[in-house]
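Peer 1: Got a predicted model here, sequence first, then my questions.
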Amino acid sequence: MYCDCAKLCSSTVKNFVTMVESGIVDSDNLGTFYRYVNKRLKHSSTISAVKDKSGILVVSDGDKANVFNQYFSSVSVIDNGILPGCSKFMFDCSRFYRIH
């Protein structure tokens, strides 16, 4: 069940990216094309500074890891063993075509 849902999700993401890229090419707008390409080429290899619970700015990697660990452990839930369903409607990317 999980594998089928993961495949459906992956396929939907690929279809969505294809739709967006086709829209950019079909728009015949060179500026839009270069903006898209530059966004895809840029990537950040580090996580910027974060604030801890008390609002103090944390910059070291170890301290940032601790801040994230504290946050995620505070919002986690105990697994009840029930898996949510997966339907094709959940992954209908045509509804999201106009994301800017």
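Peer 2: Looks like it came in fine. Residues are numbered from 1 along each chain as shown.
Peer 1: Residue 58: neighbour count?
Peer 2: Residue 58 is flanked by 16 other residues according to other CB atoms under 10 Å. For every residue, glycine as well, the C-beta is placed using N, CA and C.
Peer 1: other SSEs contacting the helix or strand of the chain with the lowest mean pLDDT?
Peer 2: Ranking every helix and strand in the chain by mean pLDDT, DSSP states H and E puts helix 2-26 at the bottom, with a mean of 88. Secondary-structure packing of helix 2-26 (3 or more CB pairs under 8 Å, 6 or more residues apart in numbering; DSSP states H and E): helix 30-41.
Peer 1: Which neighbours in the sheet does the next helix or strand after the helix it packs on have, and how are they oriented?
Peer 2: Sequence order places strand 50-51 as the next helix or strand after helix 30-41, per DSSP states H and E. With DSSP bridges as the test, strand 50-51 is paired with strand 57-58 (antiparallel).
Peer 1: Distance from the least confident helix or strand of the chain to the middle of the chain?
Peer 2: Mean-position distance between helix 2-26 and its chain equals 13 Å (CA atoms, centre = their mean, to the nearest Å).
Peer 1: in it, what's buried?
Peer 2: For helix 2-26, the buried set under the neighbour-count rule, 16 or more other CB atoms under 10 Å, comprises 5, 12, 16, 20.
Peer 1: Roughly how far does the third one sit from residue 22?
Peer 2: Between residue 16 and residue 22 the distance, using CB to CB, to the nearest Å, works out to 11 Å.
Peer 1: now swap in the first one and tell me
Peer 2: Summarising the geometry, the distance separating residue 5 from residue 22, computed by CB to CB, is 26 Å.
Peer 1: residue closest to the middle of the chain?
Peer 2: Centroid-nearest residue in the chain: residue 13, 10.5 Å away (criterion: CA atoms, centre = their mean).
Peer 1: quick revisit: in a markdown table, list the buried residues of helix 2-26 along with distance to residue 85.
Peer 2: Output for the buried residues of helix 2-26, formatted as a markdown table (distance: CB to CB, whole Å):
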| residue | distance to residue 85 |
| --- | --- |
| 5 | 9 |
| 12 | 16 |
| 16 | 21 |
| 20 | 27 |
